[in-house]
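Participant: build me a model:
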Amino acid sequence: MFQFVLLLSRQGKTRLTKWYNAFTQKERARIVREVTNMVLNRAPKLCNFLEWKEYKIIYKRYASLYFVVCVDREANELATLEIIHHFVEILDRYFGNVCELDLIFNFHKAYFILDELIIAGELQETSKKTVLRLVAQQDALQDNPNESKVSEL
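Facilitator: Predicted coordinates for the structure are as follows:
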């Protein structure tokens, strides 16, 4: 089960955080600081898995962003890497070669995609097409809220 998801820039700025377990604001700030330091200070040739407290930190770097996931110790590392890659592929398809600026200016879309993909710390939807279709429906609803009410009648 996922405990949290972080997207970090190479400079250490947090671009997205999603928490699936209850942590206080102080704990969250401390966790983000600790995990950011651990991930950014690792050499690129080292393994993408870290043991941290009673959890595992699994991360993958894509361009200038680090996708970091904290999971239980029993979780499968390779399956978690696949989920990270799946999330990146969906972001790529939605934004058309996603970059850090896309996530800065459209953070709500990144959260929506993540929410469609992972619910309560578990993988919910494995189909990229389904997630993209749901995001497209949400975009249409935001663009034309009155039309959706008429079509439902």
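Participant: after the top helix by length along the chain, which helix or strand is next?
Facilitator: Longest helix of the chain, by residue count under DSSP state H: helix 77-95. The helix or strand immediately downstream of helix 77-95 is helix 100-105, counting by DSSP states H and E.
Participant: burial of residue 82, as a residue count?
Facilitator: Using other Cβ atoms under 10 Å, residue 82 is surrounded by 13 other residues. Every C-beta, even on glycine, is put in place using the N, C-alpha and C of the backbone.
Participant: and it, how far from residue 28?
Facilitator: The spacing between residue 82 and residue 28, counted by Cβ to Cβ, to the nearest Å, is 26 Å.
Participant: ok, residue 54 next?
Facilitator: When residue 54 is compared with residue 28 (using Cβ to Cβ), they lie 17 Å apart.
Participant: check residue 124 too.
Facilitator: Separation of residue 124 from residue 28 (Cβ to Cβ): 23 Å.
Participant: same question, residue 84
Facilitator: The separation that residue 84 has from residue 28, given Cβ to Cβ, amounts to 20 Å.
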